[in-house]
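> Take a look and give me a structure for this.
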Amino acid sequence: MFNYFCKNMSVKIGNIDLGDFPLLLAPMEDVSDPPFRALCKKHGADLMFTEFISSEGLIRDAKKSTQKLDIYDFERPIGIQIFGNNIESMMEATKICESANPEIIDINYGCPVKKVANKGAGAGILRDIPKMVEMTKQIVKSTNIPVTVKTRLGWDENTKYIVEVAERLQDVGIQAISIHGRTRKQMYKGEADWTLIKQVKENPRMNIPVFGNGDIDSPEKATLMRDEFGLDGAMIGRGSIGNPWIFNEIKHFLKTGEHLARPIMKERVEACKQHLKHSIEWKGDILGIVEMKRHYTNYFKGITDFKPYRIKMVTSNNRQEILETLDEVAVEFKNYSF
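Below you'll find the model as predicted:
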């Protein structure tokens with residue numbers, strides 16, 4: 001077993017001290033926006049990232065892209081993540097990101113979706129490692145803000161070059177790397193394999209933080225990542241959706257070996273209300289309510305007979321009606337055990 005407790009060291013990205021085995025909120029499209037980040041920060045996330053932002057969208061000053069640059073002081077430290085397939089555009093986008101004054105610029109080399117990867121961006125660049133290294137080098141040279149990378153094991157089973165790739169990216173100046181334990185071809189299927197991430201960490205030439213990502217949905221898995229795989233921290237993505245409490249649950253378990261009580265219905269309803277409130281504050285009554293509709297189900301997964309309440313919430317465009325429906329949920333399902 002990796003003797004984690006002998007390390008007892010704070011993890012740093014540049015001058016940013018993240019403490020011991022930090023928990024990171026992964027950048028997720030249509031999920032990790034300011035309203036959701038506010039909840040994750042409240043419940044223990046140590047470092048968060050924006051949704052990934054198109055470099056071309058930033059250069060065109062597209063509203064959908066520039067709005068994702070919105071960050072708030074309570075969120076700090078925070079990273080802005082960008083993606084693209086053109087080196088010059090990525091450098092220009094980095095300069096635009098600097099105006100938001102993030103602590104970190106993160107490069108997305110991991111998004112597996114076709115519309116991104118098939119254009120050579122995101123995980124698509126894993127088919128062109130020299131370009132990946134050159135792009136990273138030029139971005140690092142273009143900014144004084146620490147640059148980090150999020151990526152995958154490789155494009156497919158035959159191109160799992162992450163141990164070499166991580167070293168080469170470190171050599172051109174990145175200050176941390178987060179690795180998802182799947183290839184691009186796997187998308188999100190099967191189980192994440194953390195063994196190669198462990199090999200990256202154990203490479204004697206590596207001296208930057210190595211964060212593991214993929215399938216971290218319980219305190220036990222985070223503990224395994226720390227104690228058996230020896231990684232510097234855990235990046236949590238899908239495990240946090242509808243479940244911002246996971247960060248403090250993991251921290252409590254790492255510290256005590258015991259589970260925190262799962263949030264009761266009243267706490268879930270309150271979190272959902274806060275999410276709605278932040279969404280409206282950020283995007284206004286109309287858009288804030290519309291964009292919240294995709295999130296209601298996540299907070300109440302597994303509840304039988306919940307469908308009528310979900311339908312009431314997603315078909316209403318009135319804040320008060322939605323809040324009243326949430327109050328009904330709190331009463332109707334108050335004894336439900338998650």
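
> Disregarding flanking residues, what is the spatial nearest neighbour of Ile87?
Leaving out its chain neighbours, the residue that sits closest to Ile87 by CB to CB, 6 or more residues apart in numbering is Met135, at 4.8 Å. All C-beta spots, glycine's among them, are computed from the backbone N, C-alpha and C.

> Pull the residues that contact the helix or strand containing that neighbour.
Assessed by DSSP states H and E, Met135 sits inside helix 129-141. With CB atoms under 8 Å, 6 or more residues apart in numbering as the test, helix 129-141 has contacts from 87, 90-91, 94, 105, 107, 109, 120, 125-126, 147, 149, 161, 165, 168-169, 172-174.

> same question, stretch 305-312
Contacts to stretch 305-312, defined as CB under 8 Å, 6+ apart, come from residues 296-297, 300, 321, 325, 328-329, 332-333.

> top of these by neighbour count?
Within the contacts of stretch 305-312, Val329 tops the neighbour count with 25 neighbours, counted by other CB atoms under 10 Å.

> can you pull the buried residues of stretch 130-149?
Neighbour counts using 16 or more other CB atoms under 10 Å place 132-133, 135-137, 139-140, 142, 145-149 of stretch 130-149 among the buried residues.

> Could you export it as CSV, keeping only the C-alpha atoms?
Output of stretch 130-149 as CSV, limited to C-alpha atoms (Å, rounded to 0.1, in the frame of the first residue of the first chain):
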residue,chain,number,x,y,z
PRO,A,130,3.5,16.7,-31.1
LYS,A,131,0.8,19.3,-31.8
MET,A,132,-0.5,18.8,-28.3
VAL,A,133,2.9,19.5,-26.8
GLU,A,134,3.5,22.5,-29.1
MET,A,135,0.1,24.0,-28.3
THR,A,136,0.7,23.6,-24.6
LYS,A,137,4.2,25.1,-24.9
GLN,A,138,2.9,28.2,-26.7
ILE,A,139,0.0,28.7,-24.2
VAL,A,140,2.4,28.5,-21.3
LYS,A,141,4.7,31.0,-22.9
SER,A,142,1.8,33.4,-23.6
THR,A,143,0.7,33.9,-20.0
ASN,A,144,2.0,34.4,-16.5
ILE,A,145,-1.0,32.5,-15.0
PRO,A,146,-0.3,28.8,-14.1
VAL,A,147,-1.4,26.5,-16.9
THR,A,148,-2.8,23.0,-16.2
VAL,A,149,-4.1,20.2,-18.4
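
> Which residues does stretch 151-167 contact?
So stretch 151-167 is contacted by 109-110, 112, 123, 126-127, 129, 132-133, 177-185, 193, 196-197, 199-200, 203, 205-206, 210 (CB under 8 Å, 6+ apart).

> out of these, which are buried?
Neighbour-count burial (16+ other CB under 10 Å) applied to those gives 109-110, 112, 123, 126, 129, 132-133, 177-185, 193, 196-197, 200, 206, 210.

> what ranges do the strands span in the chain?
If DSSP state E is used as the criterion, the strands of the chain fall at 12-13, 16-17, 23-25, 47-49, 53-54, 78-83, 104-109, 147-152, 177-180, 210-213, 233-236.

> Mean confidence (pLDDT) on the last one, please.
Predicted confidence along strand 233-236 averages 98 (mean pLDDT).

> same question, the third one
When pLDDT is averaged over strand 23-25, the result is 98.

> Likewise for the fourth one?
The predicted model gives strand 47-49 an average pLDDT of 98.

> Would you point out the most distant pair within the contacts of stretch 305-312?
Glu321 and Phe333 (18.5 Å; CB to CB).

> Distance from the longest helix seen in the chain to the middle of the chain?
In the chain, assigned by DSSP state H, the helix with the most residues is helix 265-292. Taking the mean of its C-alpha atoms, helix 265-292 sits 20 Å from the chain's own mean (CA atoms, centre = their mean, to the nearest Å).

> which secondary structure elements does that helix contact?
When contacts are defined as 3 or more CB pairs under 8 Å, 6 or more residues apart in numbering; DSSP states H and E, helix 265-292 sits against helix 34-42, helix 296-299, helix 319-332.

> and that helix, which residues are buried?
Of the residues in helix 265-292, those buried by neighbour count under the rule 16+ other CB under 10 Å are 265, 268-269, 271-273, 275-280, 282-283, 288-289, 291-292.

> quick one, domains of the protein?
Following automatic domain parsing, one gets these domains for the chain: 4-256, 265-332.

> Can you lay out those as a markdown table showing distance to Phe338?
Formatted as a markdown table, these follow (distance: least, CB to CB, whole Å):
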| stretch | distance to Phe338 |
| --- | --- |
| domain 4-256 | 10 |
| domain 265-332 | 7 |
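
> tell me the most buried of the ones you listed?
Stretch with highest mean neighbour count among those: domain 4-256 (a mean of 19; mean count of other CB atoms under 10 Å).

> re earlier: would JSON lines of the buried residues of stretch 130-149 with distance to Glu51 be doable?
JSON lines is the format used below for the buried residues of stretch 130-149 (distance: CB to CB, whole Å):
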{"residue": "Met132", "distance to Glu51": "22"}
{"residue": "Val133", "distance to Glu51": "25"}
{"residue": "Met135", "distance to Glu51": "20"}
{"residue": "Thr136", "distance to Glu51": "21"}
{"residue": "Lys137", "distance to Glu51": "25"}
{"residue": "Ile139", "distance to Glu51": "19"}
{"residue": "Val140", "distance to Glu51": "22"}
{"residue": "Ser142", "distance to Glu51": "22"}
{"residue": "Ile145", "distance to Glu51": "18"}
{"residue": "Pro146", "distance to Glu51": "20"}
{"residue": "Val147", "distance to Glu51": "18"}
{"residue": "Thr148", "distance to Glu51": "16"}
{"residue": "Val149", "distance to Glu51": "17"}
